[in-house]
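Visitor: Here's my sequence, what's the structure:
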Amino acid sequence: MSLTQSESQNRTGLSEVSFQDFQLEQFVDELGQNARLRASHDVWPATTWEQCMQAGVPRWFAPASKGDTVIGGWDWSPAERLKGLMGIASADLTTAFVLTQFVAAISRMVNSDNTLLHEQVLPELMTGDQFATVGISHLATSRQHLARPVLRAEPVQGGWNGKLDSYILNGVAPWVTGVSVADVVVVGAVCDDGREMIFAVPVDLPGIEYGDGAPLVALSGSGTDQLEFNQVTIGSEWIVSGPSEPAHRSQSNGKPSTGTGSLQTSALAIGLSRSAIGYLRSNCDERPNLLGPTDAFETELRQLEGHVLAAADGTASEDVMQIRNAANDLVIRSTQAALVAAKGAGYVHQHHVGRWCREALFFLVWSCPQELTMSRVCELSGMAS
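Guide: Take a look at the predicted model:
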């Protein structure tokens with residue numbers, strides 16, 4: 001992920017751009033053009049990712065500074081960030097998905113009290129000089145049925161005063177996007193006493209192994225694979241947070257966390273729905289019988305977009321779980337409607353409509369809360385009616 005010196009300087013020198021001044025529509029159009037030129041959607045989206053870095057997209061999601069440390073973000077509002085994500089997802093879902101994992105790593109580090117991360121890691125992420133991702137799904141939704149934590153942290157006593165100065169990590173982070181190109185991975189591990197820790201792990205530490213990306217039903221180009229830890233020693237200077245009680249235990253208000261069923265996930269589902277509904281609209285002139293269904297889909301899409309943005313601003317009447325359920329439902333129905341409209345042509349492997357249908361299935365499994373998972377199973381079985 002290294003850059004030439006001139007590229008790095010250009011990015012570092014990006015002046016602050018407000019949402020109103022950012023040419024989002026033009027950026028999304030150009031991103032979509034580059035995505036369509038990609039030979040295969042099963043490979044890393046290098047061109048579109050580089051385009052995002054050149055445009056300063058990481059800066060949407062970070063503050064200008066943290067304490068006395070300059071980070072270089074543009075401090076866009078939550079709603080403005082989601083508008084940007086919807087646009088990117090409508091152009092290329094793989095790039096948007098990778099971005100959410102990159103942003104999740106940034107967010108964890110921004111909210112950390114660790115000044116080393118603010119001073120040495122975050123500026124490199126803002127410029128795109130380095131790539132960071134996360135491996136924390138196993139703390140919330142993935143493999144929660146297992147009795148033994150899949151990734152464990154053991155403290156090591158050291159130093160002249162006997163204080164903890166390092167930890168040993170053993171196990172696996174089962175889902176890490178962009179693992180083969182990452183410089184740093186923010187991972188979650190569990191201590192013997194059940195408390196959780198988050199580390200920013202440099203991937204070049206001895207004992208770390210990873211693959212090039214698992215073959216998935218869709219989004220294989222995201223390079224998502226396991227990250228394995230075999231007696232990996234990491235210094236306490238890389239702690240992002242913890243040790244602390246698990247989030248699912250400490251949360252007392254009964255609401256899902258911002259990670260599980262988050263608005264970002266719903267924003268990406270909306271972006272993909274835009275593509276499918278746009279395909280239906282493009283066929284309405286030649287097939288007037290599509291006008292009614294397309295109008296209905298567009299109305300539903302606008303309403304859902306409004307709910308997501310209102311939730312981001314804290315003014316929504318719907319909760320995050322309801323929005324996620326509606327987004328999942330819309331993306332499945334709209335992509336399948338586009339496939340029906342495309343007929344046999346859409347069933348050819350390389351056709352974009354068929355790919356959209358496969359990508360829509362992702363929202364049924366990606367950080368999907370147990371409540372929504374069982375609701376969907378019951379609905380499919382006919383129990384919901």
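Visitor: how about low-confidence regions in this protein?
Guide: 1-14, 141-147, 158-164, 247-261, 384-385 (pLDDT under 70).
Visitor: Domain parsing of this protein, as residue ranges.
Guide: Residue ranges for the domains of the chain, per automatic domain parsing: 16-130, 135-245, 263-378.
Visitor: Kindly check the end-to-end length of the shortest one for me.
Guide: Using Cα to Cα, to the nearest Å, the gap from the first to the last residue of domain 135-245 comes to 18 Å.
Visitor: before we move on, what about the last one?
Guide: Using Cα to Cα, one end of domain 263-378 lies 24 Å from the other.
Visitor: Determine how far the last residue of stretch 33-52 lies from the first.
Guide: 13 Å.
Visitor: residue nearest the centroid of this protein?
Guide: Centroid-nearest residue in the chain: Thr100, 2.4 Å away (criterion: Cα atoms, centre = their mean).
Visitor: name the element that one belongs to?
Guide: Counting by DSSP states H and E, the element that carries Thr100 is helix 93-110.
Visitor: Can you name the next helix or strand after that helix?
Guide: Assigned by DSSP H and E, the successor of helix 93-110 is helix 115-116.
Visitor: Please enumerate residues in contact with that following helix?
Guide: Counting by Cβ atoms under 8 Å, 6 or more residues apart in numbering, helix 115-116 makes contact with Gly67, Thr69, Glu237, Trp238, all of which sit outside it. C-beta coordinates here come from the backbone N, C-alpha and C atoms, glycine included.
Visitor: switch to 10 Å and redo it
Guide: Lys66, Gly67, Asp68, Thr69, Met109, Leu122, Ala200, Gly235, Glu237, Trp238, Ile239 (Cβ atoms under 10 Å, 6 or more residues apart in numbering).
Visitor: Then stretch 338-356?
Guide: Stretch 338-356 is contacted from outside by 35-36, 40-41, 93-94, 218-219, 272-273, 275-280, 282-284, 287, 289-290, 293-294, 297, 331, 334-337, 357-360, using Cβ under 10 Å, 6+ apart.
Visitor: how about 6 Å then?
Guide: For stretch 338-356, the external contacting residues (Cβ atoms under 6 Å, 6 or more residues apart in numbering) are Ala276, Tyr279, Leu280, Asn283, Thr335, Cys357.
Visitor: Most neighbours out of those residues, which is it?
Guide: In terms of neighbours by other Cβ atoms under 10 Å, those top out with Ala276 at 29 neighbours.
Visitor: Identify each buried residue in the host helix or strand of that one, please.
Guide: Per DSSP H and E, Ala276 falls inside helix 263-282. Neighbour counts over helix 263-282 (16 or more other Cβ atoms under 10 Å) mark 263-280 as buried.
Visitor: which residues of the stretch 201-350 of the chain fall in helices?
Guide: Assigned by DSSP state H, counting those that start in this stretch, the helices in the stretch 201-350 of the chain fall at 247-250, 263-282, 291-313, 320-342.
Visitor: Can I get the ones you listed in TSV including distance to Leu169?
Guide: Converted to TSV, the helices of the stretch 201-350 of the chain look like this (distance: least, Cβ to Cβ, whole Å):
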stretch	distance to Leu169
helix 247-250	19
helix 263-282	27
helix 291-313	35
helix 320-342	31
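Visitor: Pick the most buried one from those.
Guide: helix 263-282 (a mean of 24; mean count of other Cβ atoms under 10 Å).
Visitor: Now do it and helix 93-110, the angle between them.
Guide: 160 degrees (axes from the mean of the first three to the mean of the last three Cα atoms, to 10 degrees).
Visitor: relative to helix 291-313, how tilted is helix 263-282?
Guide: Using the same axes, to 10 degrees: helix 263-282 against helix 291-313 is 160 degrees.
Visitor: that older thread, and the two most separated of the contacts of helix 115-116?
Guide: Set against one another by Cβ to Cβ, the contacts of helix 115-116 have their most distant pair in Asp68 and Gly235, with a gap of 23.3 Å.
Visitor: between the two, which one's more packed in?
Guide: Gly235 (15 against 8).
Visitor: beta partners for the more buried one?
Guide: For Gly235, the beta-bridge partners are Ser166 (DSSP bridges).
Visitor: rewinding a little: reformat the contacts of stretch 338-356 as a markdown table; add distance to Ala46.
Guide: Compiled in a markdown table, the contacts of stretch 338-356 are given as follows (distance: Cβ to Cβ, whole Å):
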| residue | distance to Ala46 |
| --- | --- |
| Ala276 | 26 |
| Tyr279 | 26 |
| Leu280 | 31 |
| Asn283 | 32 |
| Thr335 | 26 |
| Cys357 | 25 |
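Visitor: And these, which two are furthest apart?
Guide: Farthest pair in these, by Cβ to Cβ: Asn283 and Cys357, 16.3 Å.
Visitor: And the contacts of helix 115-116, which of them are buried?
Guide: The buried subset of the contacts of helix 115-116 (16+ other Cβ under 10 Å) comprises Lys66, Met109, Leu122, Ala200, Trp238, Ile239.
Visitor: can I get those in JSON lines with distance to Leu380?
Guide: Formatted as JSON lines, these follow (distance: Cβ to Cβ, whole Å):
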{"residue": "Lys66", "distance to Leu380": "45"}
{"residue": "Met109", "distance to Leu380": "39"}
{"residue": "Leu122", "distance to Leu380": "43"}
{"residue": "Ala200", "distance to Leu380": "40"}
{"residue": "Trp238", "distance to Leu380": "43"}
{"residue": "Ile239", "distance to Leu380": "43"}
